[in-house]
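Asker: coordinates for the following, if possible.
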Amino acid sequence: MKNTFTLLILALMAIGCDLTNKSGSELSNDNQIMIGHIDSLQSDILGETRKIWVHLPMNYQEGKKYPVLYLLDGDGHFHSVTGLIKQLSRTLVLPEMIVIAIPNTNRSRDLIPTHADVDYRTGNKLQYDSGGGSAFLDFIEEELIPYVDSTYPTTSYRTYVGHSFGGLSVIHALTTKSHLFNNYVAIDASFWWDDMAYLETVDSLLSVNDYTNKGLFLGVANTMIGGQNISNVEEDTSASSTLIRSQLKFAKSLEKKDNGLHFEWKYYQNDNHFSVPLITTYDGLRFLFDWYRLKSRDELYWSPNDESLEVVKSHYENVSQKMGYEIKPDEALINSLGNRYLRDKKMDQAAACFDFNIANFPNSDNVYDSRGDCYLAVGDSLKALEFYRKALETGDNDYSQEKIDRISKALKK
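Answerer: As a prediction, this is how the structure comes out:
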């Protein structure tokens, strides 16, 4: 009987120990793969209706709030950026985020901060609008963000991402409305604009203002031609190199400033102006959220010690401090740690993990199911049944019911 009961414990633990993510799907009711939806709002500032593309996290939970990433040229980058965040958040490299992608109506008007009539490179009259960048940021601050915050479950932690002229908008926001966003990603920013006159303006602002607790990542593409290279292009004076020269000037000047800004830039030799957004966004988010990932996660899982749970708690306290609000340790991470303790027969540590998850996620059926596994592992089948039943009360699932049936059958023998 003892051997039979031991085999029963092992079998039931196998049913549940790897079920750390038992909910969440991108499938709608009609089996279409959905990554977002289109919303809109009326802008009095811009005098037009503006559409936004909205992506909610795959494991979106009622009652939970999420940081927000605002994405310029939204329809062009929506799929890649939401895919990046989905992949990196599921591996706990980034937090899950809501993405608000902003498609264009009059791109150059909205994204270029200053006005110019003539293309300095050719002397010809410009064929597009410019100079509405401040009004566009007013729209974001006074209309878009309040609308998003009132409609979706957001936190106040925000990231702003823009490419080319959108990179100008990112820097314009950093230097004139730095309170709007915590993080900024500028991708191959068009600092060449108006013969680099705007570059001189932002350089002055970045010299005198304090940007403590703000982060900026700049990605620079390889837009050089002929025999130019990263070592000699700054000596060039031709119009064809103004994009990369202007960015190198910006980056090297900013590196020397003592303004509190958490800043990094990277040159992408193998990417041009049009291929660089994807890799820059990836690297930028990794840099700006470097403190989010629990770097010892694998070590804690494979070789947990008596202090491993405290290490995780301390890490998430630091993350909470960075984000400005409480971030609870990931349920699946704590569950995995608890199951590892079970396999190592460290029952007290396993129980502490599962009890911690119950305290943090009382509406999750999985936390009660795992606690039942822990009771079963120490031979307390009655307590195990109690928690398996609690799991079923919290959320219907097959695995808890299967364990109840098998324990009940074994107890009748």
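
Asker: report pLDDT for the residue lying closest to S400 once chain neighbours are set aside.
Answerer: Leaving aside its chain neighbours, S400 sits nearest to A391 (4.1 Å; criterion: C-beta to C-beta, 6 or more residues apart in numbering). Every residue, glycine included, has its C-beta placed from N, CA and C. Among the per-residue scores, A391 holds a pLDDT of 96.

Asker: how about low-confidence regions in the stretch 51-200 of the chain?
Answerer: Along the stretch 51-200 of the chain, no part satisfies pLDDT under 70.

Asker: which strands or helices does the lengthiest strand in the chain pack on?
Answerer: If you go by DSSP state E, the chain has its longest strand at strand 154-163. The helices and strands touching strand 154-163, judged by 3 or more C-beta pairs under 8 Å, 6 or more residues apart in numbering; DSSP states H and E, are strand 66-72, helix 74-90, helix 165-176, strand 183-187, helix 276-288.

Asker: from the chain's centroid, how far away is that strand?
Answerer: 9 Å (C-alpha atoms, centre = their mean, to the nearest Å).

Asker: can you check what angle separates it from helix 74-90?
Answerer: Relative orientation of strand 154-163 with respect to helix 74-90: 120 degrees, computed using axes from the mean of the first three to the mean of the last three C-alpha atoms, to 10 degrees.

Asker: quick one on the thing from earlier: residues in contact with the residue nearest to S400?
Answerer: D365, N366, Y368, D369, G372, N397, S400 (C-beta atoms under 8 Å, 6 or more residues apart in numbering).

Asker: sec struct for the fifth one, please.
Answerer: Look at G372: counting by DSSP: H, G, I helix; E, B strand; the rest coil, its state is helix.

Asker: look at it and say how many residues are nearby.
Answerer: When neighbours are counted by other C-beta atoms under 10 Å, G372 registers 29.

Asker: okay, and the residue nearest to W192 when sequence neighbours are not counted sits in which element?
Answerer: Nearest residue to W192, sequence neighbours excluded (C-beta to C-beta, 6+ apart): T242, at 3.9 Å. When elements are assigned from DSSP states H and E, T242 belongs to helix 242-255.

Asker: not counting its own residues, what contacts that helix?
Answerer: 121, 188-192, 196, 199, 202-203, 206, 216, 218, 220-224, 230, 233-234, 236, 261, 263, 265, 273.

Asker: switch to 7 Å and redo it
Answerer: 189-192, 196, 199, 203, 206, 218, 220, 223-224, 233-234, 236, 263, 265 (C-beta atoms under 7 Å, 6 or more residues apart in numbering).

Asker: of these, keep whichever come out buried.
Answerer: 189-192, 196, 199, 203, 206, 218, 220, 223-224, 233, 236, 263, 265 (16 or more other C-beta atoms under 10 Å).

Asker: which of those residues sits closest to Y128?
Answerer: S190 (12.4 Å; C-beta to C-beta).

Asker: helix, strand, or coil at that closest one?
Answerer: Applying three-state DSSP: S190 is coil.

Asker: quick one: it from Y70, how far?
Answerer: 19 Å (C-beta to C-beta, to the nearest Å).

Asker: if we can go back for a sec, okay, the residue nearest to W192 and T223: tell me how far apart.
Answerer: 9 Å.

Asker: just T82 next, same as before
Answerer: Taking C-beta to C-beta, one finds T82 at 27 Å from T223.

Asker: surely Y388 and E402 touch.
Answerer: No: if you go by C-beta atoms under 7 Å, Y388 and E402 don't touch, sitting 9.3 Å apart.

Asker: so between those two, which is more surrounded?
Answerer: Counted by other C-beta under 10 Å, Y388 and E402 do not tie: Y388 has more neighbours, with 29 against 15.

Asker: domain assignment for the protein?
Answerer: Taking automatic domain parsing as the reference, the chain has its domains at 2-19+295-411, 37-288.

Asker: need these in JSON lines (columns: distance to N31).
Answerer: Output for the domains of the chain, formatted as JSON lines (distance: least, C-beta to C-beta, whole Å):
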{"stretch": "domain 2-19+295-411", "distance to N31": "21"}
{"stretch": "domain 37-288", "distance to N31": "16"}
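
Asker: to D30, which of the ones you listed lies closest?
Answerer: Among the domains of the chain, domain 37-288 sits nearest to D30 (C-beta to C-beta), with 14.1 Å.

Asker: ends of that closest one, how far apart?
Answerer: 27 Å (C-alpha to C-alpha, to the nearest Å).

Asker: so what's the gap between it and the chain middle?
Answerer: Using C-alpha atoms, centre = their mean, the offset of domain 37-288 from its chain centre is 16 Å.

Asker: and the helix or strand containing D39, what does it pack against?
Answerer: Assigned by DSSP H and E, D39 belongs to strand 37-43. Identification of packing neighbours for strand 37-43 by 3 or more C-beta pairs under 7 Å, 6 or more residues apart in numbering; DSSP states H and E yields strand 48-55.

Asker: can you list the buried residues in the strand it packs on?
Answerer: Neighbour-count burial for strand 48-55, counted by 16+ other C-beta under 10 Å, picks out R50, K51, I52, W53, V54, H55.

Asker: hang on, the earlier thing: dump the contacts of A391 to CSV, plus secondary structure, distance to Y160 and pLDDT.
Answerer: What follows is the contacts of A391, written out as CSV (DSSP: H, G, I helix; E, B strand; the rest coil; distance: C-beta to C-beta, whole Å; pLDDT from 0 to 100):
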residue, secondary structure, distance to Y160, pLDDT
D365, helix, 38, 96
N366, helix, 35, 96
Y368, helix, 41, 97
D369, helix, 41, 97
G372, helix, 45, 97
N397, coil, 40, 87
S400, helix, 44, 94
